[in-house]
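Q: Here is a sequence with its predicted model. Questions after.
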Amino acid sequence: MGFCPCFGWTKGKKLKGDDKKEHGRKCKPQLSSGVGSVRSKGNAGLRRESSGATDEPIDGNKAHTFNYQQLANATKNFSKESLVGQGGFGAVYKGHLESTGQVVAVKQLDKTGLQGEKEFLVEVLMLSLLRHHNLVSLIGYCAEGDQRLLVYEYMQQGSLEDHLHYLTPDQKPLDWNTRMAIAAGAAKGLEYLHTEANPPVIYRDLKSSNILLGEGFNPKLSDFGLAKFGPSGDKSYVSTRIMGTHGYCAPEYLNSGKLTMKSDIFSFGVVLLELITGRKALDDSRAREERFLADWARPMLRDGMNILSLADPLLKGHSSRSTMKKALEVAFLCIQENANCRPSIRDIVLALDYLTSHPYSAHEAAKRVSVKGPENESPKETTRMLDRDFNRERAVAEAKMWGESWRDKRLQSAENASDA
């Protein structure tokens, strides 16, 4: 079943805190019966809604204005058979645009929720400004009367959450190479938000249900209703009410409401752990000490004892031990409780690019076993960021840069832990 972005429909628990004074750059578009003009870098502005929308060809570089009847026709009058998801801020339907025949996802926000109105504005603004192949594309919107609807490209492979935690009998588990490719693609989407968007954007709601999968399992980040522009001037953080999903929120953000880029890095580390372990970020069915994935995995990763036991049982015999150790190291540094010890998104992209450039091959693994015998796990080797193969001449320059950066961060993390 295809899956499309919507606010808050996830098996995790949403957080909602008290309003606090917000610092940094704000954007306050006004909305009554339509959306005011907001210009993007590419001059693809949003036009104010009128009583009707035209059937002119849709420009892929701008958000198209739809009227309510067009979207009702596309979704068979928002029928149950078209419904693909339901959440706290509304419902999402699969639709077919009559003018183009394009398959789309239509998010209908709850008319009674003030939060839905605000998030509608934020999402239209963000996705009109931001364009990247690892971000879901906003095709258009409708702001007619009290109706607030968003129209996106349809992602036929569903969400990462579905593929990790809610497989149907006819679905195969994601293999190791696909999982690492999804992680790398999601990291590149986040890198765009943090380093290329102007001003930079803090995602604030990175989780497996918000990573949608298209053709070839290409990942795209979705649901930007909670996104915030990063701090401006001499500010190092944005103070905001606490929003997000339990299990993914960084501890310093939960404790203080201070939001930084490193808050997103923590969330990414949890998603990476989901990919590696197959466990949920928060699982109330588990023993208390195992409910939060990050808290359960962190001590094992810190001690470096038998960390391969963290791996998803579905991956047993179908992944490289050395590559998995490196991926676990990346996840460990992302979920550090001290935000200053977490890596930048650029370092993460570099690391994951290296891992995806060394895909697992069952044939090659069989040849290595026949020559060397089975791999023996050593706790000392497990805690090392780079194994012997990584330092050999065949390693590419990017891998060396990655290794040096991660070794420094590993040492910094160990020093901070010993001082605590």
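A: All right, it came through fine.

Q: Show the contacting residues for Thr195.
A: The contact partners of Thr195, taken as CB atoms under 8 Å, 6 or more residues apart in numbering, are 345-346. C-beta here means a position set from N, CA and C on the backbone, and glycine is covered the same way.

Q: mind checking the SS state of it?
A: At Thr195 the chain is in helix, as set by DSSP: H, G, I helix; E, B strand; the rest coil.

Q: Next, find the distance separating it from Leu130.
A: Here Thr195 is placed at a distance of 12 Å from Leu130 (CB to CB, to the nearest Å).

Q: Please apply the same query to Ile307.
A: Ile307 sits 36 Å away from Leu130, going by CB to CB.

Q: where do the helices sit along the stretch 101-250 of the chain?
A: With DSSP state H, counting those that start in this stretch as the definition, the stretch 101-250 of the chain shows helices at residue ranges 114-129, 160-165, 176-191.

Q: pLDDT on the second one, on average?
A: When you say that, I think you mean helix 160-165. Helix 160-165 shows a mean pLDDT of 96.

Q: how much distance is there from that helix to the middle of the chain?
A: Centre-to-centre, helix 160-165 and its host chain are 13 Å apart (CA atoms, centre = their mean, to the nearest Å).

Q: for the last one, same thing?
A: Taking CA atoms, centre = their mean, the mean C-alpha location of helix 176-191 is offset from the chain mean by 9 Å.

Q: and that helix, what other elements does it pack with?
A: The elements that helix 176-191 packs onto, with contact taken as 3 or more CB pairs under 8 Å, 6 or more residues apart in numbering; DSSP states H and E, are strand 211-213, strand 219-221, helix 261-277, helix 321-334, helix 345-356.

Q: got a list of what Leu193 touches?
A: 130, 135, 200-203, 221, 227, 264.

Q: now with 6 Å?
A: 201, 203 (CB atoms under 6 Å, 6 or more residues apart in numbering).

Q: Tell me which of the helices and strands packed on helix 176-191 sits most buried.
A: With neighbours taken as mean count of other CB atoms under 10 Å, those reach their highest mean count in strand 211-213, at a mean of 27.

Q: Quick check: mean pLDDT of it?
A: For strand 211-213, the mean per-residue pLDDT is 97.

Q: can you check stretch 137-144 too?
A: Here the average pLDDT along stretch 137-144 is 94.

Q: picking up where we left off before, can you tell which of the helices of the stretch 101-250 of the chain is closest to Leu97?
A: Minimum separation from Leu97 across those (CB to CB) falls at helix 114-129, 17.5 Å.

Q: Could you give me the buried positions within that closest one?
A: By 16 or more other CB atoms under 10 Å, the buried positions in helix 114-129 come out as 115-117, 119-129.
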